[in-house]
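1. Output the structure for:
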Amino acid sequence: MRLALDGELTIYRAAELREELLAALPVAPTSMEIDLAQVSEVDSAGVQLLIAARRAAQAQGVAFALVDPSAAVREVLDLFNLCAELELPA
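-> Numbering: from 1, shown residues only. Here you go, the predicted structure:
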C-alpha cells in the first residue's frame, strides 16, 4: 500500500493525518509506503507523527517505509538526525 501525503506535515494537520495513517494500517497487506514527495513543510509534530506511524506499523507486523522525501522533509529529518532511524536512503 502506498499513501501519498502533501502540503504541510505540521501541528495544524497532525491529528487529521494521524487518523488517516492509522486507519490505513489495518488494510495494508504486508507493507506500507508513505510518499513524502509533495510535503512542503514539516515541524516536530510531523516528525512525531512519522515515528508513531512507523511504530504502529511495526507493532502490527506491517513493513513501513518513507519514500521520495521532499527537500523540506529531508532537511528536518537530517536536523533531528533521524534519516538512519527512519531508514531513508542517502
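
2. ok, now which residue in the chain is the farthest from the centroid?
-> Pro29 (17.6 Å; C-alpha atoms, centre = their mean).

3. now it: how far from Ala37?
-> Using C-beta to C-beta, to the nearest Å, Pro29 is found at 22 Å from Ala37. Every residue, glycine included, has its C-beta placed from N, CA and C.

4. Next, count neighbours for the closest residue to Val67 other than its chain neighbours.
-> Excluding the flanking residues, the one nearest Val67 by C-beta to C-beta, 6 or more residues apart in numbering is Glu33, at 5.0 Å. By the criterion of other C-beta atoms under 10 Å, Glu33 has 16 neighbours.

5. right, and the helix or strand after the helix or strand where Glu33 lies?
-> When elements are defined using DSSP states H and E, Glu33 is found to belong to strand 31-42. Downstream of strand 31-42, the first helix or strand assigned by DSSP H and E is helix 44-59.
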